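1. The sequence and its predicted three-dimensional model are supplied below.
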Amino acid sequence: MTNIKVIIPAYNEEESIANVINDIPKIVNEVIVISNNSTDDTEKNAENAGATVLKENRKGYGYACLKGMEYISEFDYTQRPDIIVFLDGDYSDYPEQLTEIINPIIKNGVDFVIGTRIKRLREEGSMMPQQIFGNWLATFLMKLFFGAKFTDLGPFRAIKYQKLMDLKMEDKTYGWTVEMQLKVLKQKLSYVEVPVKYRNRIGVSKVSGTVKGSILAGIKILSWIFKYSFK
């Protein structure tokens, strides 16, 4: 039986986190919510919904994801997962599509799968114009420099556990998703995209919902791409 663990970074997602956890298919062995310095009831609501809750007080998406990976690495070798799924805590993704995300790994042995938020499956207003442009620019540059076939930097993604460890992820903030995709390309891992639905998040975005967040995310994403382009 495939051992699957889900990592959910969450910062002040008290209104949405239980919905996310409850919609995750029961084939998942453990849901790990990392409270990224939350000041509301995110932690309590996640625990009540059955998740393992960790705390990471250093703010940053990457910090939260790394905390989850550190927790998993402490498991006995026989209890470590086969697949890690990353999912946001704002309920913009459809957690029930997790089975579609992991299917290429289980059935075809693919290393990495990304949920692609294609236009026809997106709820109107669910992605800000700066997000759409940023995704286009980042994936265009990855295609230009690396011949990549990525069309999105979507946060809903799955990867074989050992392949994830081999990537030696390091970004602490906004560059986490693009770093993973760049390292997948560099290490020549197999990957596919799976179209996923996307809706308006519950609450206000901490990144794309602010001018400052959008600019900082854009700078970090582009810096990772150019860093790898000239290696």
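-> Yes, it's here. Numbers count the residues shown, from 1 in each chain.

2. what does the strand or helix carrying residue 20 contact?
-> Assessed by DSSP states H and E, residue 20 sits inside helix 17-23. Residues from elsewhere that reach helix 17-23 (Cβ atoms under 8 Å, 6 or more residues apart in numbering): 8, 10, 13, 31, 33, 42, 45-46, 48-51, 87-91, 93-96, 202. Where C-beta positions appear, they are placed from N, C-alpha and C, glycine not excepted.

3. Can I get it in CSV, CA atoms only?
-> Coordinates of each C-alpha in helix 17-23 appear next as CSV, following Å, rounded to 0.1, in the frame of the first residue of the first chain:
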residue,chain,number,x,y,z
ILE,A,17,-8.1,24.8,7.0
ALA,A,18,-10.7,22.3,8.3
ASN,A,19,-12.4,22.4,4.8
VAL,A,20,-9.1,21.5,3.2
ILE,A,21,-8.3,18.7,5.6
ASN,A,22,-11.8,17.2,5.4
ASP,A,23,-11.8,17.1,1.6
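
4. Name the residues of it that are buried.
-> Buried residues in helix 17-23, defined by neighbour count with 16 or more other Cβ atoms under 10 Å: 17-21.

5. same question, stretch 189-196
-> 189, 191, 193-194, 196.

6. which phi and psi does residue 9 have?
-> Phi and psi for residue 9, reported as degrees, to the nearest 10, are phi -70, psi 140.

7. which residues touch the residue positioned nearest the centre of the chain?
-> Nearest to the mean C-alpha position of the chain, counting by Cα atoms, centre = their mean, stands residue 155 at 3.3 Å. Residue 155 is in contact with 86-88, 93, 177, counting by Cβ under 8 Å, 6+ apart.

8. returning to what we had before: among the buried residues of stretch 189-196, which are in strands?
-> 191, 193-194 (DSSP state E).

9. which of the residues you listed lies closest to residue 136?
-> Comparing those against residue 136 with Cβ to Cβ places residue 193 closest, at 14.5 Å.

10. And residue 117, how far from residue 90?
-> As judged by Cβ to Cβ, to the nearest Å, residue 117 and residue 90 stand 13 Å apart.

11. Run through the neighbouring helices and strands of the one helix or strand residue 33 maps to.
-> Taking DSSP H and E as the definition, residue 33 sits inside strand 30-35. Here strand 30-35 touches strand 4-10, helix 17-23, helix 42-48, strand 52-55, helix 61-73, going by 3 or more Cβ pairs under 8 Å, 6 or more residues apart in numbering; DSSP states H and E.

12. which stretches of the chain form helices?
-> Counting by DSSP state H, one finds helices in the chain at the ranges 17-23, 42-48, 61-73, 98-108, 129-146, 161-167, 176-186, 211-229.

13. now for the second one, which elements pack on it?
-> This means helix 42-48. For helix 42-48, the packing partners by 3+ Cβ pairs under 8 Å, 6+ apart come out as strand 4-10, helix 17-23, strand 30-35, strand 52-55.

14. thinking again about what came up before, how distant is the helix holding residue 20 from the center of its chain?
-> Distance of helix 17-23 from its chain centroid, counting by Cα atoms, centre = their mean, to the nearest Å, is 16 Å.

15. mean confidence score for that helix?
-> Averaged across helix 17-23, the pLDDT comes to 98.

16. and if you look at stretch 74-92?
-> The average pLDDT within stretch 74-92 is 94.

17. Now do the buried residues in that stretch.
-> Neighbour counts over stretch 74-92 (16+ other Cβ under 10 Å) mark 80-92 as buried.
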